[in-house]
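Asker: What follows is a predicted protein model with its sequence.
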Amino acid sequence: MGLLRSLLGDVLRQRRLRQGRTLRDVSAAARVSLGYISEIERGQKEASSELLAAICAALDVPLSEVLSEVSVELAREEAALAAAVDDAVMGDVVAAA
């Protein structure tokens, strides 16, 4: 399962790209360094709530909407992991029978 910061970075990057915006553009609008936003998008840095709010404002998207998308993706990953565990357990049960 992916790290929360990676999922958050993916959602932020997808939002930015859907708007056709560059890192430089969002960086200037959010008043956050380009390199730092890049690290957040790549899941290499944890963003503070203040920083997330600034990036979301620059993207003109509510923070709650971004977090909701992250939550949906996290739930997908959890479900896939649970299914894989269930399949492995069933495989062990069948092999033992």
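Answerer: Arrived safely, thanks for sending.
Asker: Sketch out the low-pLDDT regions of this structure for me.
Answerer: By pLDDT under 70, the weakly predicted segments of the chain are 1-2, 90-97.
Asker: Where do the helices of it begin and end?
Answerer: 4-18, 23-30, 34-41, 49-59, 63-96 (DSSP state H).
Asker: Make TSV out of those and add mean neighbour count.
Answerer: All C-beta spots, glycine's among them, are computed from the backbone N, C-alpha and C. Converted to TSV, these look like this (neighbours: other CB atoms under 10 Å):
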stretch	mean neighbour count
helix 4-18	18
helix 23-30	16
helix 34-41	18
helix 49-59	17
helix 63-96	12
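Asker: Contacts for stretch 61-76, please.
Answerer: 1, 4, 7-8, 10-12, 15, 52-53, 56 (CB atoms under 8 Å, 6 or more residues apart in numbering).
Asker: what's the most distant pair in those residues?
Answerer: M1 and A53 (26.1 Å; CB to CB).
Asker: I'd like to know how far L17 sits from V89.
Answerer: 39 Å (CB to CB, to the nearest Å).
Asker: nope, S27 is what I was after
Answerer: Taken as CB to CB, the span from S27 to V89 is 47 Å.
Asker: ok, now D60?
Answerer: Taking CB to CB, one finds D60 at 46 Å from V89.
Asker: and what of E69?
Answerer: 31 Å.
Asker: again with E50
Answerer: Taking CB to CB, one finds E50 at 43 Å from V89.
Asker: ditto for G20
Answerer: Distance from G20 to V89, by CB to CB: 46 Å.
Asker: what do you get for A79?
Answerer: 16 Å.
Asker: Repeat that for L74.
Answerer: 22 Å.
Asker: Please apply the same query to I55.
Answerer: For I55, the distance to V89 - CB to CB - is 41 Å.
Asker: same deal with L23?
Answerer: 44 Å.
Asker: before we move on, what about A30?
Answerer: The value you get for A30 to V89, if CB to CB is used, is 46 Å.
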